[in-house]
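Colleague: how does the following fold in three dimensions:
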Amino acid sequence: MTDRKPYSSPELQSLPGGPLSRPPLDCRRPEPISKIAGHDVRDLVERFGSPVYVIDDEKMRAQYRRMIGAFRASWPDTFIGTSVKTNYLSCMVATMREEGAWGEVVSGFEYRLCRDLGIPGNEIIFNGPWKTDDDIRTAFAEGAVVNLDGDDELERVIAIANDMGKEVGVGLRLNMQLNYPPWDKFGFKLENDHALEAARIIAREPNLRLDGLHMHVGTYLPDPALYGRAMSQVVSLALRLERELDAEMKYLDLGGGYATRNTLHDTMLPGEAQSATPEAYAEAVTRPLRQAVSQFKGSPRLFIEPGRILVDESASIITTVRAVKHMAGGQKAALLDAGVHILPTAYWYDHEIRPVEDRGATMENYRMVGPLCMQIDVIRKEINLPALSRDDLLVIENVGAYNFSQSIQFIYMRPAYVMAHANGVDVVRLPEEDDYVRSQERLPSHLINDETRNSVLVRDVT
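Modeller: The predicted structure follows:
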């Protein structure tokens, strides 16, 4: 019979090296931020008001250089088509262009924005689930990369190419069962040979030429392995099309969706602990290409279409606490002058919020709410910050993606947008005024009277 030691209750022992050097995220005391891109936060508010959206020019450029450098280290013929919908402020697109980016667009508006900023048509990638006939004609005439999204668009493009009377190159957008929920609103399905049949139709058309394949895997994807699996399938189909249809793949395009350090609601870990590096994404995307390079007729160009990962961390919103309230459950609420109308990503992110000044007060738990007359105007459900008072300044970080593109005028107008760089600060979009917001309205003649006659709404529309 084996001897057994008498039971003794467990004891807690300290880990070697003393206490943890970094407490859990929600317990950390946030470091105050006094400058953005080298410019004093208080001075920025004095000059441009509050709230104000501030873009860090150098941070954006550095992120672009890191992204393109990571991919070209593994596949030299890589080009970035910067996702215009992610932030179509002209200064953002122009900065990416100055760094060497193409434009990636999903509408005629975005296409024309790129052309207006000097991006030639043959350096624009045109995606999107619906393109007008006129926009397709322009894109073909100017040599843009046009990726087709479905059967109806393919049918329309055949008619347009025949009417133009010349051969035009097109790409096919693909989708596959890769993640859940499936990203299947767009493109031709891989698994049931829908994409293969579309390619065969293109091969039979005298005025169409299949130049490439495109797949946008999803959005905010922190796992590079998803990109690797997607590219493996794209490469497999591309090689089959080259063999069976005598096509030559001039490009393969793996879209965007790369995650940033922003933290999604209800996730176990903060975004900074989950998001992958550009280098990790590049390795996952290019490995299948490198393994199959000798099997291609040529060497296809690689396109990627990042947006969020390029611009998200380059922008901040400076906002002011306008009031502090006590809520029914005992939590405090800090009422800010920045609401979800200019920060719609608050609906899915727990944005980092930092004080401009830490006066050493105790940490308190707050719900951060905006100025809109809506219960859902919540910037963050809860966050621990040093005790706040009216007129305190706060900085909401990593807000460069989608917040301008999806912002609206609702109750309050959109604020000034400025770009900060080593030589100063430039206003890149003026704060909106009442007349601007109402300028497209017209008052019907039967509502015009002595009181309304001088309104901005009374205009000659003949």
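
Colleague: which residues in the protein form helices?
Modeller: Per DSSP state H, the chain carries helices over the ranges 41-48, 57-74, 90-98, 108-116, 133-141, 151-164, 194-204, 224-245, 271-274, 278-292, 308-311, 434-438.

Colleague: from the chain's centroid, how far away is the second one?
Modeller: Taking CA atoms, centre = their mean, to the nearest Å, the mean C-alpha location of helix 57-74 is offset from the chain mean by 16 Å.

Colleague: how far off helix 90-98 does that helix point, in degrees?
Modeller: Per axes from the mean of the first three to the mean of the last three CA atoms, to 10 degrees, the angle that helix 57-74 makes with helix 90-98 is 40 degrees.

Colleague: before we move on, back to that, indicate which one of the helices of the chain is closest to residue 320.
Modeller: Smallest distance to residue 320 across these (CB to CB): 7.3 Å, for helix 41-48. Placement of C-beta: from N, CA and C, glycine included.

Colleague: before we move on, back to that, let me have the helices of the chain in TSV, extended by mean neighbour count.
Modeller: Shown next, in TSV, are those (neighbours: other CB atoms under 10 Å):
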stretch	mean neighbour count
helix 41-48	16
helix 57-74	18
helix 90-98	20
helix 108-116	18
helix 133-141	17
helix 151-164	15
helix 194-204	17
helix 224-245	18
helix 271-274	16
helix 278-292	20
helix 308-311	28
helix 434-438	12
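
Colleague: mind putting those into CSV with mean pLDDT and distance to residue 361?
Modeller: Listed next are the helices of the chain as CSV, based on pLDDT from 0 to 100; distance: least, CB to CB, whole Å:
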stretch, mean pLDDT, distance to residue 361
helix 41-48, 98, 19
helix 57-74, 98, 30
helix 90-98, 98, 37
helix 108-116, 98, 46
helix 133-141, 98, 56
helix 151-164, 98, 59
helix 194-204, 97, 60
helix 224-245, 96, 42
helix 271-274, 86, 26
helix 278-292, 97, 39
helix 308-311, 96, 34
helix 434-438, 88, 39
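
Colleague: so which of those is nearest residue 326?
Modeller: helix 41-48 (26.7 Å).

Colleague: and that closest one, what does it pack against?
Modeller: strand 52-56, strand 315-326, strand 393-397, strand 416-421, strand 424-429 (3 or more CB pairs under 8 Å, 6 or more residues apart in numbering; DSSP states H and E).

Colleague: ok, now with 7 Å
Modeller: Helices and strands touching helix 41-48, by 3 or more CB pairs under 7 Å, 6 or more residues apart in numbering; DSSP states H and E, are strand 52-56, strand 315-326, strand 393-397.

Colleague: of all the helices of the chain, which lies closest to residue 396?
Modeller: helix 41-48 (11.9 Å).

Colleague: residue 368 bridge partners, please.
Modeller: For residue 368, the beta-bridge partners are residue 334, residue 380 (DSSP bridges).

Colleague: what about it, neighbour count?
Modeller: Per other CB atoms under 10 Å, the neighbour tally for residue 368 reads 24.

Colleague: output the helices and strands packed on helix 41-48 as JSON lines; include the columns distance to residue 244, mean neighbour count and mean pLDDT.
Modeller: Output for these, formatted as JSON lines (distance: least, CB to CB, whole Å; neighbours: other CB atoms under 10 Å; pLDDT from 0 to 100):
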{"stretch": "strand 52-56", "distance to residue 244": "48", "mean neighbour count": "25", "mean pLDDT": "98"}
{"stretch": "strand 315-326", "distance to residue 244": "47", "mean neighbour count": "20", "mean pLDDT": "97"}
{"stretch": "strand 393-397", "distance to residue 244": "50", "mean neighbour count": "23", "mean pLDDT": "98"}
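
Colleague: output the ones you listed as JSON lines; include the columns distance to residue 153.
Modeller: Conversion of the helices and strands packed on helix 41-48 to JSON lines gives the following (distance: least, CB to CB, whole Å):
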{"stretch": "strand 52-56", "distance to residue 153": "35"}
{"stretch": "strand 315-326", "distance to residue 153": "34"}
{"stretch": "strand 393-397", "distance to residue 153": "39"}
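
Colleague: looking at the ones you listed, which is nearest to residue 354?
Modeller: strand 393-397 (5.1 Å).

Colleague: what's that closest one packed up against?
Modeller: Looks like strand 393-397 contacts helix 41-48, strand 315-326, strand 353-355 (3+ CB pairs under 7 Å, 6+ apart).

Colleague: would a markdown table of these with distance to residue 347 be doable?
Modeller: Output for these, formatted as a markdown table (distance: least, CB to CB, whole Å):
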| stretch | distance to residue 347 |
| --- | --- |
| helix 41-48 | 26 |
| strand 315-326 | 15 |
| strand 353-355 | 16 |
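
Colleague: circling back: format the helices of the chain as CSV; extra columns: distance to residue 457.
Modeller: As requested, those are exported to CSV (distance: least, CB to CB, whole Å):
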stretch, distance to residue 457
helix 41-48, 29
helix 57-74, 39
helix 90-98, 28
helix 108-116, 25
helix 133-141, 31
helix 151-164, 39
helix 194-204, 49
helix 224-245, 51
helix 271-274, 45
helix 278-292, 50
helix 308-311, 36
helix 434-438, 6
